[in-house]
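Colleague: Build me a structure from this.
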Amino acid sequence: MSAGSNTGNPGAIVTIPNIITVVRFLGTPLFVWLVLGPREYGWAVFVLAMMGCTDWIDGFVARKLNQTSKLGRIMDPLADRVALVAVTITLVIAAILPLWLLLLLLIPDVVLLAATLYLFRGDADLKVTMLGKTRTAALMIGTPMLLLAKALDSDFTTVLAWVFLGSAMVMHVIAFSQYFRALLAKHREIHHPPSSDQVGLP
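Modeller: Presented below is the predicted three-dimensional model:
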């Protein structure tokens with residue numbers, strides 16, 4: 001989570017937190033191969049767990065070493081989104097997750113991406129919310145638990161996994177509405193600032 005502060009070196013590219021985020025990116029294709037290739041679900045769970053750890057570690061390192069950067073603020077949520085979408089698509093292909101969950105995950109993201117590109121022609125530089133991070137954590141816990149349940153043939157683990165996934169989907173919809181409202185508010189603030197005669201009015 002390289003996004004936590006405005007201090008540090010905003011223009012830096014090669015920083016320890018950014019390198020950790022790149023490692024998280026590399027974990028995604030490894031996970032896809034483990035699930036769809038040799039079907040090594042145990043190792044796939046391990047890879048997801050490591051990816052989840054790096055999501056916390058890069059933010060911790062960025063704050064401790066004062067190495068926050070603009071690139072980090074872009075890469076960190078992007079790594080999360082790429083991982084979540086790729087993991088979900090992989091599990092749908094492997095018939096572990098239903099298609100509706102993938103659509104519920106993708107459609108809000110596509111709408112946000114389209115709105116961001118249309119309104120800002122790129123990055124809107126919105127801060128990652130705690131709800132968004134909690135949603136990501138719930139998804140990163142629920143998905144490996146489904147794999148673990150399949151490997152162990154455990155009904156209890158399956159139910160527990162769906163508790164996390166169901167909660168994550170609810171948070172996903174709420175987080176989408178929050179980001180979308182923030183996107184519109186920032187656009188209005190930049191392009192339609194209040195006139196001087198409106199300043200100070202109740």
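
Colleague: Now that Trp43 has come up, it's in contact with Val35, right?
Modeller: No. In this structure, Trp43 is not within contact of Val35 by Cβ atoms under 8 Å, at 9.4 Å. Quick note: C-beta positions are derived from backbone N, CA and C, even for glycine.

Colleague: who's in contact with the most centrally placed residue in the chain?
Modeller: Per Cα atoms, centre = their mean, the C-alpha nearest to the average position across the chain is that of Asp80, at 3.1 Å. If you count contacts by Cβ atoms under 8 Å, 6 or more residues apart in numbering, Asp80 has them with 55, 136.

Colleague: Would you quantify the distance from the residue nearest to Asp125 when sequence neighbours are not counted to Glu40?
Modeller: Distances taken as Cβ to Cβ, 6 or more residues apart in numbering put Arg73 closest to Asp125, at 7.1 Å, once the chain neighbours are dropped. Using Cβ to Cβ, to the nearest Å, we find Arg73 at a distance of 34 Å from Glu40.

Colleague: follow-up on the earlier one: settle it for me: which of Trp43 and Val35 has more neighbours?
Modeller: Val35 (23 against 16; other Cβ atoms under 10 Å).

Colleague: Go ahead and confirm that one touches Val92.
Modeller: No. In this structure Val35 lies outside contact range of Val92 using Cβ under 8 Å: 10.8 Å.
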